[in-house]
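Asks: Could you look at this predicted model? Sequence included:
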Amino acid sequence: MSALRLFSACCCLVVAPPLLACASRDPAPPAADPAKPAADPAERGGAPADASSVTPEPWRCPAGPFDAPLSGERTAAPLPGTQPTDLDPTDTEFHLYEGPVWKDGALYFSDFKTSAGFPSRVMRHAPGQALQIAIANSGSNGLALTPSGNLAAARHGSKSIAVFTSDGTATTDLAQAYAGKGFNSPNDLTFRGDGNLYFTDPDFQAAGDEPQPTTNVYRVAPDGTVGIVDPGIANPNGIALSPDGNTLYVAGNLEHGFLKRYPVAPDGTVGPGEILVSGITVPDGMAIDCAGNVYVTEHTERRIRVLAPDGRELGRIVGMDKNVTNAAFGGDERKTLFITGTGRLFAIELGVPGYPY
């Protein structure tokens, strides 16, 4: 999340390994009911979510039960070699890292820059290796993995939700519009195992051009139908699903922020939401562990609140000297929580594994 009005082109250039992945939410929720009638054609905004015919073996949470991930405060550490100047010593401009995803033994994340045109690119950080550019000019903010393991992005550059092909050189839009009007500034996204897609659309990078009258949370059904989940959150930001896919979490409302939760039906439709936790200062992205705990970033407070599924606060992750934007689990056992900030990555080892997106 950033209050900056960012733009970016949509061409792609790959200089890192192919962008295939093997992770998915487990257990996979039941498939959508084929007998359920489709919504009005005016609400169709793109192609069916992820039409790939090959589905890699997904990463699965180990069997529980799990201990509490932490108690009180824990300190994250900055990761060496992950600042923009580590890639280019002459690059001293402002950068905002976002949308971390772990796949193929590396962390991928979006990187904004405030130079002319406000370019955005996808970076690759692998332990023990130098920082790499994975996709140049990606136009991306939040990243996620589709059920078949490809990299998807909420793109403020094209105002769409897109999937990168396996070589990262092209994209397929999953959603481009709602009710005949484009989105404002797609920010963060998450997929359920049956192909349902959920994303937030604030106006952070809309540059005064907000075609939608409200900042919405959307669902894209597997058939490509786009519908509004919630139109009532001021600049909704982070979004995530519970491990069983039956609960959707959304954070937003800026300085007077809160975390909201919604019941998700077997076909992926979403019921009325309720505020689970209020008083979260400028909430941004979030992560989920295998016990269902929610890790909500507080952007300007430079910390993460760790919440139980019922909203109880279990502890906090501190120690970041940059504004915090998002988080995702990674590493061989998915027990390393990677944290993105303004031009730097941080990490902390936890006792509970979590989802890599």
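Replies: It's in.

Asks: Point out where this structure drops to low pLDDT.
Replies: 1-57, 114-118, 205-209 (pLDDT under 70).

Asks: mind running it again at 50?
Replies: 1-18, 20-24, 26-54 (pLDDT under 50).

Asks: in it, which spans are helices?
Replies: Under the criterion DSSP state H, helices of the chain are mapped to 84-87.

Asks: Surely Ala170 is in contact with Asn150?
Replies: No - between Ala170 and Asn150 there is no contact under Cβ atoms under 8 Å: 11.6 Å. (C-beta placed from N, C-alpha, C; glycine too.)

Asks: shared neighbours of the two, anything?
Replies: Listed as contacting both Ala170 and Asn150 by Cβ atoms under 8 Å, 6 or more residues apart in numbering are Phe164.

Asks: Compare those two (neighbour count), which wins?
Replies: Taking neighbours as other Cβ atoms under 10 Å, Ala170 and Asn150 compare with Asn150 leading, 21 against 13.

Asks: now the more buried one: how far from Ile317?
Replies: 30 Å (Cβ to Cβ, to the nearest Å).

Asks: try Arg74
Replies: As judged by Cβ to Cβ, Arg74 and Ile317 stand 5 Å apart.

Asks: shared neighbours, the two?
Replies: The overlap between the contact sets of Arg74 and Ile317 (Cβ under 8 Å, 6+ apart) consists of Ile348.

Asks: More neighbours: which of those two?
Replies: Taking neighbours as other Cβ under 10 Å, Arg74 and Ile317 compare with Ile317 leading, 24 against 18.

Asks: give the contact list for that one.
Replies: By Cβ under 8 Å, 6+ apart, the neighbours of Ile317 are Leu70, Glu73, Arg74, Thr75, Ala76, Tyr295, Arg303, Ile304, Val306, Leu337, Ile339, Ile348.

Asks: now the residues you listed: which count as buried?
Replies: For these, a burial check counting by 16 or more other Cβ atoms under 10 Å picks out Leu70, Arg74, Ala76, Tyr295, Arg303, Ile304, Val306, Leu337, Ile339, Ile348.

Asks: Distance to Phe204 for the residues you listed - can I get that in JSON lines?
Replies: Converted to JSON lines, these look like this (distance: Cβ to Cβ, whole Å):
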{"residue": "Leu70", "distance to Phe204": "30"}
{"residue": "Arg74", "distance to Phe204": "29"}
{"residue": "Ala76", "distance to Phe204": "25"}
{"residue": "Tyr295", "distance to Phe204": "21"}
{"residue": "Arg303", "distance to Phe204": "21"}
{"residue": "Ile304", "distance to Phe204": "20"}
{"residue": "Val306", "distance to Phe204": "25"}
{"residue": "Leu337", "distance to Phe204": "24"}
{"residue": "Ile339", "distance to Phe204": "20"}
{"residue": "Ile348", "distance to Phe204": "27"}
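
Asks: Between all of those, which two are separated the most?
Replies: Of all pairs drawn from the buried ones among the contacts of Ile317, the greatest distance, 13.8 Å, lies between Leu70 and Ile339 (Cβ to Cβ).

Asks: Leu345 against Thr82, yeah?
Replies: Yes - taking contacts as Cβ under 8 Å, Leu345 lies within contact range of Thr82: 4.0 Å.

Asks: which neighbours do those two share?
Replies: Jointly contacting Leu345 and Thr82 under the rule Cβ under 8 Å, 6+ apart are His125.

Asks: Just the endpoints, please. Distance across stretch 104-121?
Replies: Length of stretch 104-121, first residue to last, Cα to Cα, to the nearest Å: 19 Å.

Asks: One more: stretch 349-357?
Replies: End-to-end distance of stretch 349-357 (Cα to Cα): 16 Å.
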